[in-house]
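Undergrad: here's a sequence, model it:
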Amino acid sequence: MLRGIGRPSLAALAAIGRVALFAASILGHLLRPPVYWRELGTQMLQIGWFSLPVVGLTALFTGGALALQIYSGGARFNAESVVPSIVAIGMVRELGPVLGGLMVAARVASSVAAELGTMKVTEQIDALTTLSTNPMKYLVVPRVLAATLTVPVLVGVGDAIGIMGGWLVGVTRLDFTSVTYLKNTVDFLEPWDIGSSLVKGAVFGFIIALMGCYHGMTSGRGAQGVGRATKAAVVAASVLILAANYLLTEMFFTS
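TA: Predicted structure coming up:
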C-alpha cells in the first residue's frame, strides 16, 4: 500500500522538478542574447491577434449572461441597481482573466505542443542543433515571451468587451439608462482591479506557453506521442491557471 502511494507521489514530484528546471532554463536564455525578433513578432501575432475573436466573443456573452443572472438574483431583495458594479468587478477581477486564459490555453497550448512535438518527431529540432541554433532560444523563448506580453492585452480587451456585453443587456433588456449604467461602472471600479487583472493575464500567459513548450519539447515519438503531448498541455495549463488564479486572488484581495 505504501509503495502504491509513494510511486505516484515521487513521479509527481519528479514532473514538477522537470517543469521547474525547464522554466529556469527559459528564464536563463531570456536574459542572454541573441533575441530572434522576427520569430517573436510572428508569435505575438499568432498568440495575441488571432486569439482576439474567441476571447472577445467569450467575454461578450459572459458579460451579458452575468448581467441577467445578477439582475434576477438581485430582484429577490430589491438590489437590481448593483448590476453594473458587480458585472464590472466580476469581469475585471475574475471572469475576464480566467475565461480569457482558459480560451487562450485551449487554442495556444495545444497548437504550440503539437507544433513543437511534430518538429521533434520529424527531427527538425535536431536539425536546428546541427545548424548551431539553440532550440530553446529560437523556438521556446519567443513563444513564452510573446504569450506573457500579449495575454494581458487580450485580458484587458476581454474585460472591456465583457463590461460592454453587460451594458448592452442592461440597456436593452433590463431598463437601465446608458448614463446610469456607465456611471455606476466607473464609480465602483478601482485602478487596482484593472492592475490585478493584467498581472493575472501575464502569469496565465507564461503558464500557457510554458506548458505548451514543455510538453511539445518532451513529447514521445510518433503521432500518438504528439497527441498525448497536446492533450497534456491543455489539461495542465487549464488546471494551473485555475490554481494560480486562486493564489493570486488570495494575495491581492485578502488582508
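Undergrad: list the contacts of residue 179.
TA: By C-beta atoms under 8 Å, 6 or more residues apart in numbering, the contact list for residue 179 is empty. Bear in mind the C-beta positions are built from the backbone N, C-alpha and C, glycine included.
Undergrad: show me the contacts for the residue most central in space within the chain.
TA: The centroid of the chain falls nearest to residue 101 when counting by C-alpha atoms, centre = their mean (2.5 Å). When contacts are counted by C-beta under 8 Å, 6+ apart, residue 101 touches 151, 155, 200-201, 204-205, 207-208, 241, 245.
Undergrad: following the host helix or strand of residue 113, which helix or strand comes up?
TA: Per DSSP states H and E, residue 113 falls inside helix 110-121. Next helix or strand after helix 110-121 toward the C-terminus (DSSP H and E): helix 124-130.
Undergrad: buried sites along that next one?
TA: 125, 128 (16 or more other C-beta atoms under 10 Å).
Undergrad: and the contacts of that helix?
TA: Helix 124-130 is contacted by residues 116, 119, 134-135, 138-139, 217 when judged by C-beta under 8 Å, 6+ apart.
Undergrad: mean confidence for that helix?
TA: The pLDDT scores in helix 124-130 average 87.
Undergrad: can you name every helix or strand that the helix or strand harbouring residue 143 contacts?
TA: For residue 143, the enclosing helix or strand under DSSP H and E is helix 141-172. Other elements packing on helix 141-172 under the criterion 3 or more C-beta pairs under 8 Å, 6 or more residues apart in numbering; DSSP states H and E are helix 2-30, helix 37-47, helix 52-74, helix 83-90, helix 96-104, helix 178-188, helix 191-217.
Undergrad: helices and strands around the second one, which ones?
TA: On a contact count with 3+ C-beta pairs under 8 Å, 6+ apart, helix 37-47 meets helix 141-172.
Undergrad: let me know which of the helices and strands packed on helix 141-172 is tucked in deepest.
TA: Compared across those, helix 96-104 shows the largest average neighbour count, a mean of 26 (mean count of other C-beta atoms under 10 Å).
Undergrad: tell me how far it lies from the chain's centre.
TA: Relative to its chain's centre, helix 96-104 lies at 5 Å (C-alpha atoms, centre = their mean, to the nearest Å).
Undergrad: mind listing what residue 188 touches?
TA: So residue 188 contacts 84-85, 88-89 (C-beta under 8 Å, 6+ apart).
Undergrad: nearest to residue 224 among those residues?
TA: Nearest to residue 224 out of the contacts of residue 188 is residue 89 (C-beta to C-beta; 45.2 Å).
Undergrad: measure residue 68 to residue 90 for me?
TA: According to C-beta to C-beta, to the nearest Å, residue 68 and residue 90 sit 13 Å apart.
Undergrad: same question but for residue 118, I mixed them up
TA: From residue 118 to residue 90 the distance is 40 Å (C-beta to C-beta).
Undergrad: which ones are touching the residue nearest to residue 51 when sequence neighbours are not counted?
TA: The shortest distance from residue 51 to any non-neighbouring residue, by C-beta to C-beta, 6 or more residues apart in numbering, is to residue 104 (5.2 Å). By C-beta under 8 Å, 6+ apart, residue 104 lies in contact with 47, 51, 55, 147, 151, 154, 204-205, 208.
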